[in-house]
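What follows is a protein structure lacking sequence information:
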């Protein structure tokens, strides 16, 4: 099959003048190389498209593909991850991963939590705060956890994200709103273990690929899987495959959330346990990083005995089943 490859290269956006943090979610060339190699091994003919600006030019020139494997994250707005799939949907070109509606919904952490909560999935109590007055009106018990409502890769998450007082809450909310130009999510802080669950499949066929526990080492920023801890994960974080009772509960909750949000093909669900040891949904990543050595999903798969090529094969199998109506 003729498979288009859509992606955002970090170097392209740095060259446009964007900062390291603004481009943190974008990909390195070796990620694209790895996906391309895997697709060739599966018998496909990959065609590198690049970002949405390149895609627009290619579509205008009349280029078409049987399927587009898209990991493009986009840059602006709540629909940024949905822009490439939405554009391709208009041309009736199938894509891997979740549809535009799900990608927009899941990027807004507050909206995603409302949907999973409505489906009976455990998630910490929360408020979405758009200004100082909103922070003053929050009526949740401390400690609380504060982060931008629509960022990934730990952006805006630091040791200061855990707040212990009303004054700290107001200050942190104000800082994040000013820095990221978007509302913030304020949640009950959960003191338990932190998990990420890899998921493959769509709907009833969705299943856990494994549960990985995120263990912060002594030198890491405490209590939070922060931007710094993620960027320097080799020195600050230990990833352990977990298979005990609590980890199995985390997998069940993750799959329930995945289905509730109608995510497709593959991705990750992040969870944290409350004081009673019950895993709670924190957020979903329906467009998970695919760097073979540094991204959480391939790391998890490697620990679970699933090769990178097998992971890409599972993603393609799921997408092709949907394409052919199975």
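Everything's here; your move. Every value quoted in this text rests on a predicted model; they were computed, and no experiment measured them.

Spell out, range by range, the strands that occur in the chain.
2-6, 45-50, 67-70, 126-129, 144-148, 162-163, 184-188, 194-200, 207-216, 237-241, 266-273, 279-285 (DSSP state E).

Could you spell out the sheet neighbours of the fourth one, each with its direction?
Which is strand 126-129. Using DSSP bridges, strand 126-129 pairs in its sheet with strand 184-188 (antiparallel).

now swap in the first one and tell me
Each strand pairing with strand 2-6, determined using DSSP bridges, is listed with its direction: strand 45-50 (parallel), strand 67-70 (parallel).

Pull out the buried residues from it.
If you call a residue buried by 16 or more other Cβ atoms under 10 Å, then strand 2-6 has these buried ones: 3, 4, 5, 6. The way it works is simple: take the backbone N, C-alpha and C, and place the C-beta from them, glycine included.

quick one: residue 266 from residue 97, how far?
As for residue 266, its distance to residue 97 is 7 Å (criterion: Cβ to Cβ, to the nearest Å).

May I see the buried residues of strand 2-6 arranged in CSV, with distance to residue 68 and pLDDT as well?
Conversion of these to CSV gives the following (distance: Cβ to Cβ, whole Å; pLDDT from 0 to 100):
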residue, distance to residue 68, pLDDT
3, 7, 98
4, 4, 98
5, 7, 98
6, 5, 98
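
higher neighbour count, residue 266 and residue 97?
residue 266 (30 against 23; other Cβ atoms under 10 Å).

Could you list which residues are in contact with the more buried one?
Residues in contact with residue 266, defined by Cβ atoms under 8 Å, 6 or more residues apart in numbering, are 97, 198, 199, 200, 201, 288, 297, 311, 314, 315, 318.

In helices only, show me these.
Filtering the contacts of residue 266 for membership in helices, criterion DSSP state H, returns 297, 311, 314, 315, 318.

who wins for most neighbours among these?
Neighbours here mean other Cβ under 10 Å. Within the ones in helices among the contacts of residue 266, the largest count is held by residue 297, at 27 neighbours.

coming back round to it: save the strands of the chain as TSV, and put in distance to residue 101 too.
Shown next, in TSV, are these (distance: least, Cβ to Cβ, whole Å):
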stretch	distance to residue 101
strand 2-6	18
strand 45-50	22
strand 67-70	15
strand 126-129	19
strand 144-148	21
strand 162-163	33
strand 184-188	20
strand 194-200	18
strand 207-216	23
strand 237-241	31
strand 266-273	15
strand 279-285	14
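
Looking at those strands, spot the one closest to residue 253.
Judged by Cβ to Cβ, the one of these that comes nearest to residue 253 is strand 279-285, at 5.2 Å.

Which strands and helices lie in contact with that closest one?
Secondary structure elements in contact with strand 279-285, counted by 3 or more Cβ pairs under 8 Å, 6 or more residues apart in numbering; DSSP states H and E, are helix 100-107, helix 109-118, helix 245-261, strand 266-273.

Show me what the residue nearest in space to the middle of the chain bridges to in the sheet.
Centrality entry for the chain: nearest residue to the mean C-alpha point is residue 285, 2.4 Å, by Cα atoms, centre = their mean. Legend: beta-bridge partners of residue 285 under DSSP bridges are residue 268.

Am I right that residue 258 is in contact with residue 281?
No - when contacts are counted by Cβ atoms under 8 Å, residue 258 is not listed as touching residue 281 (9.7 Å).

Identify the contacts common to these two.
Taking Cβ under 8 Å, 6+ apart as the contact rule, the neighbours common to residue 258 and residue 281 are residue 269.

Name the residue in those two with the higher neighbour count.
residue 258 (30 against 26).

check contacts around that one.
With the criterion set at Cβ under 8 Å, 6+ apart, residue 258 makes contact with 199, 206, 267, 269, 284.

hmm, try it at 7 Å
Under the criterion of Cβ atoms under 7 Å, 6 or more residues apart in numbering, the contact list for residue 258 reads 199, 206, 269, 284.

got a winner among those for most neighbours?
With neighbours defined as other Cβ under 10 Å, the most crowded of the contacts of residue 258 is residue 269; it has 31 neighbours.

quick one: the closest residue to it other than its chain neighbours from residue 267, how far?
With sequence-adjacent residues excluded and distances taken as Cβ to Cβ, 6 or more residues apart in numbering, residue 269 is closest to residue 254, at 3.7 Å. As judged by Cβ to Cβ, residue 254 and residue 267 stand 10 Å apart.

intersection of neighbour lists for the two?
The contact lists of residue 254 and residue 267 share residue 199, where a contact means Cβ under 7 Å, 6+ apart.

and the strands paired with strand 2-6, which is most packed in?
Among those, ranked by average contacts under mean count of other Cβ atoms under 10 Å, first place goes to strand 67-70 (a mean of 24).
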